[in-house]
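*Asks:* dropping the sequence and predicted coords here.
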Amino acid sequence: MHRTSFLHPARWARTIVLTGVVVLGLASIVASGGGSGGFVAGDCPPGDNCSAPPAQASVQVNPPFTTALVGTSVTWTAATANLAGNVTYQWSRSSDGGATFADIPGATGQTLTLAAVNLADDGATFRVSVGASLRAAGHLVVSASPGVVFQDGEFAAADWVTTPFANADSPAPQHTEQTLITGGDPGAYRRMVTTIAPQSGSGRVTSVSLASTYDPATQGAVNVIDYAEDGIALQSSAVMGTYSAMLLEQSGRQYIATARDPLDLLTTHWSAVSSRSSLRAQDFSLIAGPACGAAESCPDFSATAASMRFGYWRDVVGTQGDAIAHGIDNWKVTVWRR
Amino acid sequence: MRDVLGMRDAGRRAAPRPDWQREMLLVAIGCAALSAGVLVYLTDRHGARPGPAFGPVGQWLPSGVHALAFSLFTAAALGRGAARRRGACAAWCAINLAFEFGQHAAFKPHWAAAQAVAGDWPITGSVLRYLLAGTFDVGDLLAIVLGALAAGLLLEFLDKPIRRHASH
């Protein structure tokens, strides 16, 4: 029987074709996204209505909440979507909590800047009217003294206490974390893997900074709190995602800052979607600890309140057994005093 | 020796299909099968749930047709021979099964740990993201085995000598 030589061009051509087929086959498996549940990542985040009609024209003011020190400048921008043609803007101001507004003369651009805010601006609401019917507002808190800042971008293990969170809806997940020196925003960051427990669709953890104690009795009553973090979902798909929120711990109770604003899913790149400004006591929801009595303030921001500590809360959603990786960097809490 | 009684060949003889024809046929069938799988992704996998065009079949069809199509492509590239045919089908069955088993929840903590080390590398990063984001499904396993079996049967059929009228 005739055998083709090893050096024969036909043999090499066959080998190249075969290699191409194998590479293409493996690449197409990986590109498919993964099995029957492997819908293309980012198609439809958990909780979203994917069959919703196209979005309507809208406007929002960025940032919606701002805390500023007396004498500093503040700028708001009107961000519009799905608007065609010429867009007109008119900014107006309310000093009575939004009951009445007065147009600001000459403030007809997409942005509004106050060059140096003062205490008379504290509590003011600035509204933009776009066209005839679209309106959105930004809220301003002005502080006479600089905020007390707690921040961490290095995440030394000894500085944090992380606890898998359990309640009637959600058994405690398995959770691991490590500090990586690269890959953050920039540099070091904390990488976490939360594995959803059996019979559950989510896993929650709380993480408290041991170096973030604020004592209202000695440092002053709290007016508002600004929270900032850069978060990342290292896995995200149609069937899994990660939420993040600020955590506050006081008198054996834990609260998360979710009462005012809905949570946003972390994206697969570093972003500040979980950051919030001008958080008041009523913007926090109790998640653990004794129920709050009728006469209690929960949390208590007054000058006689117990000391408090801060951290973050993570909620991963998926299916049981999913090990979902996520990260945090540039964690920062600013306490603004009265 | 002349076959005077016509016992050896009663006017017809068996001959293998020409190589080019066999290869074109295998590639054409493979491409058609893959197209069906691509169609599932285009029509049924744009939401959080399986779409209406393929129904429940759409959940497993891509896994099955992948094993089928790439077994045929590989068999076309390897050439004739029972061992090559069966090897191609077995190899793609094993590869697809390995990727499917790799999506099982039991392995995900390991993939998540590996991602910390190799998550940024171009090939390993993509593979780990696939393994972590995908969902293990017994239906996919069945579809893969059926796809590879179908490819094997098809190859056995296509590689059988075809009977033709003898040319005089």
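*Replies:* In hand now; what should we look at?
*Asks:* gap between the spatially most central residue of chain B and chain A?
*Replies:* Nearest to the geometric centre of chain B sits residue B:68, at 2.0 Å (CA atoms, centre = their mean). Computed with CB to the nearest CB, to the nearest Å, the distance linking residue B:68 and chain A is 11 Å. Where C-beta positions appear, they are placed from N, C-alpha and C, glycine not excepted.
*Asks:* any idea whether that residue is helix, strand or coil?
*Replies:* Under the three-state scheme (DSSP: H, G, I helix; E, B strand; the rest coil), residue B:68 adopts helix.
*Asks:* surely residue B:147 touches residue B:66?
*Replies:* Yes. Using CB atoms under 8 Å, residue B:147 is in contact with residue B:66, at 6.9 Å.
*Asks:* now residue A:160. Nearest residue, chain neighbours left out?
*Replies:* residue A:207 (5.5 Å; CB to CB, 6 or more residues apart in numbering or on different chains).
*Asks:* what does the stretch 101-250 of chain A put close to chain B?
*Replies:* Contact residues, the stretch 101-250 of chain A versus chain B (CB under 8 Å from any CB of the partner chain): A:174, A:178, A:180, A:183, A:191, A:193, A:195, A:234-240.
*Asks:* need those in TSV (columns: neighbour count and distance to residue B:157).
*Replies:* Output for these, formatted as TSV (neighbours: other CB atoms under 10 Å in any protein chain shown; distance: CB to CB, whole Å):
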residue	neighbour count	distance to residue B:157
A:174	15	51
A:178	13	55
A:180	16	55
A:183	18	53
A:191	24	53
A:193	25	49
A:195	21	47
A:234	22	47
A:235	25	43
A:236	24	45
A:237	29	40
A:238	25	39
A:239	22	40
A:240	26	43
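*Asks:* those in strands, which ones?
*Replies:* Mapping these onto strands (DSSP state E) picks out A:174, A:178, A:180, A:191, A:193, A:195.
*Asks:* let me know the pLDDT of the fourth one.
*Replies:* Read that as residue A:191. At residue A:191, the pLDDT value in this model is 93.
*Asks:* nearest to residue A:312 among the ones in strands among the residues of the stretch 101-250 of chain A next to chain B?
*Replies:* residue A:191 (13.9 Å; CB to CB).
*Asks:* show me what contacts the closest one?
*Replies:* A:177-180, A:183, A:234, A:325-327, B:116 (CB atoms under 8 Å, 6 or more residues apart in numbering or on different chains).
*Asks:* distance check, the residue of chain B found nearest chain A against residue B:101.
*Replies:* Proximity to chain A, evaluated over chain B using CB to the nearest CB, is greatest for residue B:134 at 2.0 Å. Note on residue B:134: its distance to residue B:101, by CB to CB, to the nearest Å, is 11 Å.
*Asks:* more neighbours: which of the two?
*Replies:* residue B:134 (27 against 14; other CB atoms under 10 Å in any protein chain shown).
*Asks:* so that one makes contact with residue B:103?
*Replies:* Yes. Contact status for residue B:134 versus residue B:103: in contact at 3.9 Å, counting by CB under 8 Å.
*Asks:* so residue B:84 sits right up against residue B:77, yeah?
*Replies:* No. Between residue B:84 and residue B:77 there is no contact, the gap being 9.4 Å when judged by CB under 8 Å.
*Asks:* between those two, which one's more packed in?
*Replies:* Counted by other CB under 10 Å, residue B:84 and residue B:77 do not tie: residue B:77 has more neighbours, with 22 against 16.
*Asks:* overlap of the contact sets of residue B:147 and residue B:66?
*Replies:* Common contact partners of residue B:147 and residue B:66 (CB under 8 Å, 6+ apart): residue B:96.
*Asks:* which ones are touching the residue nearest the centre of chain A?
*Replies:* Taking CA atoms, centre = their mean, the centroid of chain A lies closest to residue A:274, which sits 1.5 Å from it. By CB under 8 Å, 6+ apart, the residues touching residue A:274 are A:227, A:229, A:231, A:243-246, A:263-264, A:266, A:312.
*Asks:* same check on residue A:103?
*Replies:* Counting by CB under 8 Å, 6+ apart, residue A:103 has contacts A:90-92.
*Asks:* out of the residues you listed, which sit inside strands?
*Replies:* Using DSSP E, the contacts of residue A:103 in strands are A:90-92.
*Asks:* which of those are buried?
*Replies:* A:90-92 (16 or more other CB atoms under 10 Å in any protein chain shown).
*Asks:* of the ones in strands among the residues of the stretch 101-250 of chain A next to chain B, just say which sits nearest to residue A:18.
*Replies:* Distances from residue A:18 to those, taken by CB to CB, are shortest for residue A:193, at 38.4 Å.
*Asks:* tell me what that closest one is bridged to.
*Replies:* When bridges are called by DSSP bridges, residue A:193 pairs up with residue A:176, residue A:325.
*Asks:* and what of the one 10 residues further on?
*Replies:* Here residue A:203 sits in beta bridges with residue A:316, going by DSSP bridges.
*Asks:* residues contacting it?
*Replies:* Contacts of residue A:203 (CB under 8 Å, 6+ apart): A:164, A:170, A:172-175, A:194-197, A:315-316, A:324.
*Asks:* and it, what pLDDT?
*Replies:* 89.
*Asks:* do the same with residue B:34
*Replies:* 88.
*Asks:* in what element of secondary structure is residue B:96 found?
*Replies:* helix B:82-101 (DSSP states H and E).
*Asks:* would you put the C-alpha positions of that helix in CSV?
*Replies:* The C-alpha atoms that make up helix B:82-101 are tabulated as CSV, following Å, rounded to 0.1, in the frame of the first residue of the first chain:
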residue,chain,number,x,y,z
ALA,B,82,-13.1,3.3,10.2
ALA,B,83,-10.7,4.3,13.0
ARG,B,84,-10.5,7.9,11.7
ARG,B,85,-14.3,8.1,11.5
ARG,B,86,-14.8,6.8,15.0
GLY,B,87,-11.9,8.8,16.4
ALA,B,88,-13.3,12.0,15.1
CYS,B,89,-16.7,11.4,16.6
ALA,B,90,-15.3,10.2,19.9
ALA,B,91,-12.9,13.1,20.2
TRP,B,92,-15.6,15.8,19.6
CYS,B,93,-18.0,13.9,21.9
ALA,B,94,-15.3,14.0,24.6
ILE,B,95,-14.4,17.6,24.1
ASN,B,96,-18.0,18.8,24.2
LEU,B,97,-18.7,16.6,27.3
ALA,B,98,-15.6,18.0,29.0
PHE,B,99,-16.7,21.6,28.5
GLU,B,100,-20.3,20.7,29.6
PHE,B,101,-19.1,19.0,32.8
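*Asks:* the helix or strand following that helix packs against which elements?
*Replies:* Under the assignment DSSP H and E, the closest C-terminal helix or strand after helix B:82-101 is helix B:108-118. Here helix B:108-118 touches strand A:174-180, strand A:189-195, strand A:323-337, helix B:122-133, going by 3 or more CB pairs under 8 Å, 6 or more residues apart in numbering or on different chains; DSSP states H and E.
*Asks:* rerun at 6 Å
*Replies:* Contacts defined by 3 or more CB pairs under 6 Å, 6 or more residues apart in numbering or on different chains; DSSP states H and E place helix B:108-118 against strand A:323-337, helix B:122-133.
*Asks:* number of nearby residues for residue A:264?
*Replies:* 16.
*Asks:* now it: closest residue in space that isn't a chain neighbour?
*Replies:* residue A:273 (4.1 Å).
*Asks:* so that neighbour makes contact with residue A:263?
*Replies:* No. Residue A:273 is beyond contact range of residue A:263, at 8.8 Å (criterion: CB atoms under 6 Å).
*Asks:* neighbour count winner among those two?
*Replies:* residue A:263 (17 against 14).
*Asks:* next one: that one from chain B, what distance?
*Replies:* 18 Å.
*Asks:* brilliant, that's me finished.
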